[in-house]
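Q: need a structure here:
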Amino acid sequence: MPAPKKSGRRSLLVISATLLSLSVTAPAALAAPTPSTSPTATPPAQMSTLGGARLGQPGTQVNLAPGVPVLPKDLTARSWIVSDAESGEVLAAHNAHWRLPPASTLKMLFADTVLPRFPKSTRYKVAPKDLEGVGAGSSVVGIKEGRTYSVHDLWLGVFLRSGNDAVHVLASMNGGVQQTVEDMQDHAEELQALDTYVVSPDGYDAPQQVSSAYDLTLFARSGLQKKDFRDYCSTVSAKFGSAEIRNTNRLLSGDSDVPVYQGIAGVKNGNTSHAGATFTGVAERGGKVLLVTVMNPDKSEHNEVYKETAKLFDWGFRAAGKVNPVGELVPPRSASPGSARPDAGASPGQGAQPSSGAAGGVGAKPAASAAAPSRSGGVGTALAIAGGLLVLLGGGVFLVNRRWPLPDLMRRRARP
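A: The predicted structure is shown next:
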């Protein structure tokens, strides 16, 4: 049975989220008042200052000093951010809170919201209504009406092929597209991703749908707390039916003009005519785990978003430990002593019940996919998990330092 829809509060989400943020965060994490959901042609003079005052300033923000490498040349993206995934320090940023169309990078929020709600082994028969509303020209993995798929295969379709058809099927299981959009907006609010306004769960261009480099980084950081999220976003190739699908993240899978990036471990790319190319990546090198988000490079070269991301990763790894941060990634609102549990069973929102097409799951309480048995036979992955190498900080220290460390250290497996 679909989860009940919430009453009309979407029109007040941005205002209420901002006001609540003022009551629970430090003064440095103030948000700009009632931002518009319409993207602008140039960065607004006043943007959110969540995470630090400098993150609300237009232009490039970095603390250059002796010993700090200069930023790479030829960065053309409208917005980007380089941050430490573990400490949350923002090493440098450019229009970090500029509200722009996110394209399929919004699927990180979709996955972080919905992925914990259904075991990977759940099977679902696709009805015609499940594929209604998939936008013209969407990226698809090839879901067929009347066929039965495992949740595991649907998530491979979402992460590897950015399949909007797979997103719509999972959204149907979650109670429908509108319910899922509301769930995603609620989860964005919980993560303090206040630049984000969700209209479509797959990131397909829609009026007023926006996010920011800052928010996309929050989504990735939250998702990476979940083992299944890490596994899917780092999968290079997998079987889907009788075919093999390959990850369209070119820093992970490589391309003729983009080599596989050393230390890359995910996360998600996107590209639409309105949003341009967008990308959030996570990489580990020398014990440091960095997140980089790049939105809409102006340069039209092939794979430019990956090239600029690689340049920013290179800079970040050289600058880490030398550059003073210009801001921070804020923790989720619910973060409090004892609440920062990696791979927790559910997202902060309540899990929706599977709809009647989910075999073996009707009426059951949604279980964490991280706890479900793995069915990834033959799947190539870029991660080797070195459990226990990172020690979680105590709740009190988390609040003081605003830390949200990854629960395990990500390292690339050497590929033949």
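
Q: For residue 283, which non-adjacent residue is closest in space?
A: Closest residue to residue 283 apart from its sequence neighbours, by Cβ to Cβ, 6 or more residues apart in numbering: residue 263 at 4.2 Å. The way it works is simple: take the backbone N, C-alpha and C, and place the C-beta from them, glycine included.

Q: Surely that neighbour touches residue 287?
A: No - Residue 263 sits out of contact with residue 287 when judged by Cβ atoms under 8 Å, with a separation of 10.7 Å.

Q: Which one's more surrounded, the two?
A: The neighbour comparison of residue 263 against residue 287 (other Cβ atoms under 10 Å) goes to residue 263, with 21 against 11.

Q: roughly how far apart are the more buried one and residue 55?
A: When distance is defined by Cβ to Cβ, to the nearest Å, residue 263 is 25 Å away from residue 55.

Q: isn't residue 327 right up against residue 54?
A: Yes - contact between residue 327 and residue 54 holds when scored by Cβ under 8 Å: they sit 5.8 Å apart.

Q: who's more crowded, the two?
A: Counted by other Cβ under 10 Å, residue 327 and residue 54 do not tie: residue 327 has more neighbours, with 27 against 18.

Q: give the contact list for the more buried one.
A: For residue 327, the set of contacting residues under the criterion of Cβ atoms under 8 Å, 6 or more residues apart in numbering consists of 28, 51-52, 54-55, 61, 89-90, 93, 96.

Q: Mind putting those into JSON lines with secondary structure, pLDDT and distance to residue 307?
A: As requested, the contacts of residue 327 are exported to JSON lines (DSSP: H, G, I helix; E, B strand; the rest coil; pLDDT from 0 to 100; distance: Cβ to Cβ, whole Å):
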{"residue": "28", "secondary structure": "helix", "pLDDT": "38", "distance to residue 307": "33"}
{"residue": "51", "secondary structure": "coil", "pLDDT": "97", "distance to residue 307": "26"}
{"residue": "52", "secondary structure": "coil", "pLDDT": "97", "distance to residue 307": "28"}
{"residue": "54", "secondary structure": "helix", "pLDDT": "98", "distance to residue 307": "26"}
{"residue": "55", "secondary structure": "helix", "pLDDT": "98", "distance to residue 307": "24"}
{"residue": "61", "secondary structure": "strand", "pLDDT": "98", "distance to residue 307": "22"}
{"residue": "89", "secondary structure": "strand", "pLDDT": "97", "distance to residue 307": "25"}
{"residue": "90", "secondary structure": "strand", "pLDDT": "98", "distance to residue 307": "22"}
{"residue": "93", "secondary structure": "strand", "pLDDT": "98", "distance to residue 307": "19"}
{"residue": "96", "secondary structure": "coil", "pLDDT": "98", "distance to residue 307": "20"}
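
Q: Highest neighbour count among these?
A: Ranking the contacts of residue 327 using other Cβ under 10 Å puts residue 96 first, with 34 neighbours.

Q: coming back round to it: which one of the contacts of residue 327 sits closest to residue 257?
A: Of all those, residue 93 has the smallest distance to residue 257: 26.7 Å, by Cβ to Cβ.

Q: Name the nearest residue to that closest one, ignoring sequence neighbours.
A: Nearest non-adjacent residue to residue 93, counting by Cβ to Cβ, 6+ apart: residue 81, 4.4 Å away.

Q: Checking that neighbour next. Helix, strand or coil?
A: On the three-state scheme (DSSP: H, G, I helix; E, B strand; the rest coil), residue 81 is labelled strand.

Q: same question, residue 310
A: Taken by three-state DSSP, the conformation at residue 310 corresponds to helix.

Q: From residue 290, how far off is it?
A: Separation of residue 310 from residue 290 (Cβ to Cβ) stands at 12 Å.

Q: and what of residue 324?
A: The gap separating residue 324 from residue 290 is 16 Å, by Cβ to Cβ.

Q: shaky segments in the stretch 251-400 of the chain?
A: 336-400 (pLDDT under 70).

Q: residue ranges for the strands of it, please.
A: 264-272, 276-285, 288-297, 327-328, 358-359, 380-381, 383-386 (DSSP state E, counting those that start in this stretch).

Q: Let me know the pLDDT of residue 40.
A: According to the per-residue confidence, residue 40 scores 73 in pLDDT.

Q: tell me the phi and psi of it?
A: Backbone dihedrals for residue 40, given as degrees, to the nearest 10, come out at phi -110, psi 160.

Q: buried ones in the helix or strand containing residue 181?
A: Under DSSP states H and E, the secondary-structure element containing residue 181 is helix 177-190. When burial is assessed from 16 or more other Cβ atoms under 10 Å, helix 177-190 yields the following buried residues: 177, 179-190.

Q: Including pLDDT, could those go into JSON lines?
A: JSON lines is the format used below for the buried residues of helix 177-190 (pLDDT from 0 to 100):
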{"residue": "177", "pLDDT": "97"}
{"residue": "179", "pLDDT": "98"}
{"residue": "180", "pLDDT": "98"}
{"residue": "181", "pLDDT": "98"}
{"residue": "182", "pLDDT": "98"}
{"residue": "183", "pLDDT": "98"}
{"residue": "184", "pLDDT": "98"}
{"residue": "185", "pLDDT": "98"}
{"residue": "186", "pLDDT": "98"}
{"residue": "187", "pLDDT": "98"}
{"residue": "188", "pLDDT": "98"}
{"residue": "189", "pLDDT": "97"}
{"residue": "190", "pLDDT": "97"}
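
Q: quick one on the thing from earlier: list residues touching both of residue 327 and residue 54?
A: Taking Cβ under 8 Å, 6+ apart as the contact definition, residue 327 and residue 54 share the neighbouring residues 61, 93.

Q: So if I had to pick from residue 324 and residue 290, which one is more boxed in?
A: When residue 324 is set against residue 290 and neighbours are counted by other Cβ under 10 Å, the residue ahead is residue 290, at 23 against 12.

Q: residue contacts, that one?
A: 82-85, 91, 282-284, 313, 316-317, 320.

Q: what do you get for residue 191?
A: With contacts taken as Cβ under 8 Å, 6+ apart, residue 191 has the following neighbours: 215, 218-219, 222, 332-333.

Q: Can you report how many residues neighbour the closest residue to residue 246 other than its chain neighbours?
A: What sits nearest to residue 246 in space, not counting adjacent residues and going by Cβ to Cβ, 6+ apart, is residue 237, at 4.6 Å. Using other Cβ under 10 Å, the number of residues around residue 237 comes to 16.

Q: Then residue 68?
A: If we define neighbours as other Cβ under 10 Å, then residue 68 has 17 of them.
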